[in-house]
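Asks: kindly return the folded structure for what I paste below:
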Amino acid sequence: MEVALYARVSTERQQQAQTIQGQLERLRPYVSQHTDWHLAEAHIYLDDGYRGAKLNRPGLDRLRDHAGLGQLSLVLITAPDRLARKYVHQVLLIEELQQRGCQVEFLDRPMSDDPHDQLLLQIRGAVAEYERSLIAERMRRGRQAKLKSGQMLPWSVPPYGYAVDPAAPRQPSGLRVDAIKAAIVTQIFAWYTDPQAPATLYTVTQRLNEQRIPTPGKSVRWNENSVRNILCNSAYAGMAHYGTTQQVPARQRKWALGPVGRGASQRPTPPEEWLSIPVPAIISRETFEAAQARRERNKQMASRHNTTHEYLLRGLVSCARCQLASTARTVHPGYDYYACSGRCQPARTATGQRCSAPYVPASALDQIVWTDICALLSQPSIITHELARAQAGEWLPQTRQVRRHNLQTNLAQLERQQQRLLEVFLGEIISRDEFERKRREVTQTQSGLTQQLHQLEAQAQQQLDLAQLAAGIENFCQRLQPTLAQLAFAQRRQLVELLIDRVITDEHRIEIRYAIPTTPRGEKFPFVI
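Replies: This next block holds a predicted model:
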């Protein structure tokens, strides 16, 4: 019987105390007590420094993948909280592994189907989850108490211009001003707030790079984000703040061609909820306020708000080569282009990563996309055909499609294992008992994977009601068709923002990603997730 070991520690202190090694020293002798158990070194899965509250762990992922391929019969773990800290996660992992023919056994308390063992597992899982929540809450309140009393700095890595004691980076007593870097910070504010020569983030960044001033991090060149972070940091005026943002569910993708799905984002918290900590000032409060006023004025005058030139696809074009956004620009009157931002970023040029994608004529691309939109709205059957493909399972969200492909691949491998197993038995290489045992293991794994595949297809079926969606789309297209030829630029732009998620360009190819509204509510809100 193929056996696997799983061990986990969540902190560097536990790693240094060799807790992982301690778990293995308990697990290996237990395996050696069973003569019919076989442990391969490749089936020892370790997660050093990974929290048990998360399922995204490399060792655990490999364990689940190998179990899905039918390579494991038993997973041995010291205690349930090493598998997961949350009881819900424990149940999910145990059921998943059991469905794939892999049993889970805990060294501290061997688990069985006995109601008492199941109750004990639930109690221990709940206690572990409660303990984790209690520790996290105590640490949060203790951190807040120290911040309020001025006994702790709100950062572990100080802002550019400050230095801390390496042995105690969060102790206020060890904070000091770095004279050389502080002079650079003062110069950045002076350039930006100079009333005689109004500056922008770009011009300040350019000056810093021209003078070869060392960057705050490991970057070769200064970038506008680094300058913006300095200009917005109130610590330079003598007051640092903690808790200025809070984590919330993301409402849109972090970048245009990023994966569609739920994520986390940061949202500003009300100023009255901030914790303020006095620190040595580098600039005056008046200079800091002048910089914030300059930022607001520059925002209003930014080129992205320029409507002198009409670009139908402004903000909707991306480069297929480097995945960056393409910006609209006019080189000469009558010569409008969409240019990949990777072509003109100084940082990319300095590191040899400059994109070589050619400029795309704006008028030609606008005309191609608008013609395609008109054709699509004039033939709703194109959209309903794609929905029919989706209903048949040919067009699923990316993650679900990958999962379905993996399940089908694993089932095909198990089918080949069944065939090879039969050939080995007929060749009298293994006994009937061994054949029946292995055949049951493979069959049990096949049954679990087949059930998962059916559940996946059922979910896709539930998410798509083809008849209802097709009716709504046809109605939407019929209402737009008569007015397409009479739309002004502003109206066409509004329609483009509603229907197009992204236009991806390459030297010989244009890909248009549509987001067709399927409900009346969808007609009011563009696709942004």
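
Asks: so what's Ala84 up against?
Replies: Ala84 makes contact with Gly52, Ala53, Leu55, Gln90, Leu93, Gly125, according to C-beta atoms under 8 Å, 6 or more residues apart in numbering. The C-beta positions use only the backbone N, C-alpha and C, and glycine is treated the same way.

Asks: which two of those residues have the greatest separation?
Replies: Spatial extent of the contacts of Ala84 (C-beta to C-beta) is set by the pair Leu55 and Gly125 at 14.3 Å.

Asks: more neighbours: which of the two?
Replies: Each of Leu55 and Gly125 has its neighbours counted (other C-beta atoms under 10 Å); Gly125 has more, 21 against 14.

Asks: look at that one and report its pLDDT.
Replies: Note on Gly125: pLDDT of 63.

Asks: same check on the one 3 residues further on?
Replies: What the model reports as pLDDT for Ala128 is 67.

Asks: and the strands in the stretch 301-450 of the chain?
Replies: Taking DSSP state E, counting those that start in this stretch as the criterion, the stretch 301-450 of the chain carries its strands at 317-319, 326-332, 335-340, 360-361.

Asks: next one: the stretch 1-150 of the chain
Replies: Applying DSSP E, counting those that start in this stretch to the stretch 1-150 of the chain gives strands spanning 2-9, 38-48, 74-77, 103-106.

Asks: out of the ones you listed, which comes closest to Ile282?
Replies: Nearest to Ile282 among the strands of the stretch 1-150 of the chain is strand 38-48; the distance by C-beta to C-beta comes to 40.1 Å.

Asks: taking strand 2-9 as reference, get the angle to the closest one.
Replies: For strand 38-48 against strand 2-9, the angle by axes from the mean of the first three to the mean of the last three C-alpha atoms, to 10 degrees is 20 degrees.

Asks: may I see the buried residues of strand 38-48?
Replies: Within strand 38-48, the residues scored as buried using 16 or more other C-beta atoms under 10 Å are Leu39, His43, Ile44, Tyr45, Leu46, Asp47, Asp48.

Asks: repeat for stretch 92-104
Replies: Across stretch 92-104, burial judged by 16+ other C-beta under 10 Å covers Leu93, Ile94, Glu96, Leu97, Gln99, Arg100, Gly101, Cys102, Val104.

Asks: check the third one and give its pLDDT.
Replies: This points to Glu96. 86.

Asks: my read: it touches Arg64, true?
Replies: Yes - contact criterion C-beta atoms under 8 Å: Glu96 and Arg64 qualify, at 6.8 Å.

Asks: rewinding a little: mind telling me the two of the buried residues of stretch 92-104 farthest from one another?
Replies: Once C-beta to C-beta is applied, these give Leu93 and Gly101 as the farthest pair, at 14.5 Å.

Asks: residue contacts, the closest residue to Asp336 other than its chain neighbours?
Replies: Closest residue in space to Asp336, ignoring its immediate chain neighbours: Ala362 at 3.8 Å, by C-beta to C-beta, 6 or more residues apart in numbering. Each residue near Ala362 by C-beta under 8 Å, 6+ apart is listed here: Tyr311, Leu313, Ala328, Asp336, Tyr337, Tyr338.

Asks: please tell me I have it right and the fifth one contacts Arg329.
Replies: Put plainly, it is Tyr337. Yes - using C-beta under 8 Å, Tyr337 is in contact with Arg329, at 5.9 Å.

Asks: so between those two, which is more surrounded?
Replies: With neighbours defined as other C-beta under 10 Å, Tyr337 and Arg329 compare such that Tyr337 has more, 19 against 16.

Asks: partners of that one in the sheet?
Replies: Note on Tyr337: beta-bridge partners Arg329, Pro361, judged by DSSP bridges.

Asks: quick one: the helices in the stretch 51-200 of the chain?
Replies: 58-68, 80-83, 87-99, 115-148, 179-193 (DSSP state H, counting those that start in this stretch).

Asks: Gln367 versus Glu434, what's the distance?
Replies: Distance of Glu434 to Gln367, computed by C-beta to C-beta, to the nearest Å: 70 Å.

Asks: helices and strands of the chain: which one bottoms out on pLDDT?
Replies: Least confident helix or strand of the chain, by mean pLDDT, DSSP states H and E, is helix 12-16 with a mean of 45.

Asks: separation between Pro80 and Trp370?
Replies: Taken as C-beta to C-beta, the span from Pro80 to Trp370 is 60 Å.

Asks: number of residues surrounding Arg62?
Replies: Residues lying near Arg62 (other C-beta under 10 Å) number 17.

Asks: contact partners for it?
Replies: Contacts of Arg62 (C-beta under 8 Å, 6+ apart): Tyr45.

Asks: how is the protein partitioned into domains?
Replies: As assigned by automatic domain parsing, the chain contains the domains 2-135, 162-296.

Asks: average pLDDT for the longest one?
Replies: Within the predicted structure, the mean pLDDT of domain 162-296 is 87.

Asks: what's the neighbour count on the spatially closest residue to Gln247 that is not a sequence neighbour?
Replies: Of all residues not flanking Gln247 in the chain, Ala264 sits nearest, at 5.2 Å (C-beta to C-beta, 6+ apart). Number of residues near Ala264 (other C-beta under 10 Å) recorded here: 9.

Asks: and the gap between Ala264 and Thr245?
Replies: 11 Å.

Asks: and if you look at Asn475?
Replies: 43 Å.

Asks: circling back to that earlier point, tell me which of Pro80 and Trp370 has more neighbours.
Replies: Pro80 (25 against 17).

Asks: what about that one, distance to Thr287?
Replies: 57 Å.

Asks: quick revisit: nearest to Thr205 among the buried residues of stretch 92-104?
Replies: Nearest member of the buried residues of stretch 92-104 to Thr205, counting by C-beta to C-beta, is Leu93, at 48.3 Å.

Asks: residues in contact with that closest one?
Replies: For Leu93, the contacting residues are Leu55, Leu60, Arg64, Leu83, Ala84, Val104, by C-beta under 8 Å, 6+ apart.

Asks: which pair of those residues spans the longest distance?
Replies: Using C-beta to C-beta, the two most remote members of the contacts of Leu93 are Leu55 and Val104, lying 15.0 Å apart.

Asks: hang on, Gln99 packs against Gln451?
Replies: Yes - Gln99 lies in contact with Gln451 (C-beta under 8 Å); the separation is 6.9 Å.

Asks: give me the buried positions along stretch 58-71.
Replies: Neighbour-count burial for stretch 58-71, with 16+ other C-beta under 10 Å as criterion, is recorded at Gly59, Leu60, Arg62, Leu63, Arg64, His66, Ala67, Gly68, Leu69, Gly70, Gln71.

Asks: and the average pLDDT for it is what?
Replies: The average pLDDT within stretch 58-71 is 87.

Asks: sorry, back to before: okay, the contacts of Ala84 in JSON lines with distance to Ala237 next?
Replies: Putting those into JSON lines (distance: C-beta to C-beta, whole Å) gives the following:
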{"residue": "Gly52", "distance to Ala237": "42"}
{"residue": "Ala53", "distance to Ala237": "38"}
{"residue": "Leu55", "distance to Ala237": "43"}
{"residue": "Gln90", "distance to Ala237": "49"}
{"residue": "Leu93", "distance to Ala237": "50"}
{"residue": "Gly125", "distance to Ala237": "49"}
